[in-house]
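> model this:
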Amino acid sequence: MKKRLIAIAGGIGSGKSVVSSILRVMGYEVYDCDSEAKRLMNSSQDIKRDLVENFGEQSVLADGTINSAYVGSVVFGNESALKKLNSIVHPRVKEDVVKHIESTSRQVMFVETAILLKSNLLDLIDDAWVVEAPESVRVDRVMKRNSMCEEDVRKRIKAQEGQDYNSLKSYRTIVNDGETPILVQVEKLVKEML
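You can find the predicted model right below:
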């Protein structure tokens, strides 16, 4: 039986991590592209070299870790810089996802990503669950969670725009507006998947 990979997609503050947490509690494996990309960026000398070449010496701190605040300030709000960053990081994340799929014995696995349609993962996934929330709710969540100002949150939301999920062969929607019960929706989708 072919292994199945289901994407958990949605923009920053939509509540993807809540869905991922529920799935983990249910015993499923979830690959978090955001945290794994950070791990890869901090461990890969190739990525560090490419970041320094494209964004300057400030991209890497003296201790050898990525200067996320600096890189973020360069790329968010600058479409060409963001595309360059994505061209450096996304192929390495995709390679890591493939390794992860190959190394697991599980038949169903999930991958969480804020930018599914720009992530190079479309040829790997079998289905997508898109987590949606009103923009005002998303902004409020991210401001509280990340201690960011509204303007910076809106820049990040704008950087993730252009996700037309209708182009996918298949996707389901999970509403995470703070009022609609999310657990019930996830349980229903898991039952449909089995």
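
> Sort out which residues of stretch 137-155 are buried, please.
Counting neighbours by 16 or more other CB atoms under 10 Å, one finds that the buried residues in stretch 137-155 are 137-142, 148, 152-155. Just so you know, the C-beta spots here come from the backbone N, C-alpha and C atoms, and that holds for glycine as well.

> what about the helices in the chain?
Taking DSSP state H as the test, the helices found in the chain are 16-25, 33-43, 45-55, 68-75, 79-103, 135-146, 150-159, 182-193.

> What is the third one packed up against?
Helices and strands touching helix 45-55, by 3 or more CB pairs under 8 Å, 6 or more residues apart in numbering; DSSP states H and E, are helix 33-43, helix 68-75, helix 79-103.

> Would you mind saying which of the ones you listed lies nearest Pro181?
For the helices and strands packed on helix 45-55, distance to Pro181 was read as CB to CB. The smallest value, 25.3 Å, belongs to helix 33-43.

> Tell me how many other residues surround Arg106.
12 (other CB atoms under 10 Å).

> surely it meets Glu29?
Yes: Arg106 is in contact with Glu29 according to CB atoms under 8 Å; the separation is 5.7 Å.

> Now for the nearest residue to Val108 once chain neighbours are set aside: which residues touch it?
Nearest in space to Val108, with sequence neighbours left out and distances taken as CB to CB, 6 or more residues apart in numbering, is Arg4 at 4.9 Å. Going by CB atoms under 8 Å, 6 or more residues apart in numbering, Arg4 touches 107-109, 126-127, 193.

> Just the buried ones among the residues you listed, please.
Buried members of these, counted by 16+ other CB under 10 Å: 108-109, 127.

> quick revisit: take the helices and strands packed on helix 45-55 and lay them out in CSV including mean pLDDT, mean neighbour count and distance to Leu51.
As requested, those are arranged in CSV below (pLDDT from 0 to 100; neighbours: other CB atoms under 10 Å; distance: least, CB to CB, whole Å):
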stretch, mean pLDDT, mean neighbour count, distance to Leu51
helix 33-43, 93, 17, 8
helix 68-75, 91, 16, 7
helix 79-103, 92, 15, 7
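
> out of those helices, which comes closest to Ala62?
Taking CB to CB as the criterion, Ala62 comes closest to helix 68-75 out of the helices and strands packed on helix 45-55, the separation being 12.7 Å.

> show me what contacts the most centrally placed residue in the chain?
Relative to the mean C-alpha position of the chain, the nearest C-alpha, by CA atoms, centre = their mean, is the one of Thr113, at 2.3 Å. Listed by CB under 8 Å, 6+ apart, the contact partners of Thr113 are 7-9, 16, 33-34, 119, 121.

> So Lys94 sits against Asp123, correct?
No: under the criterion of CB under 8 Å, Lys94 makes no contact with Asp123, lying 9.0 Å away.

> Having no further points to raise, I will conclude here.
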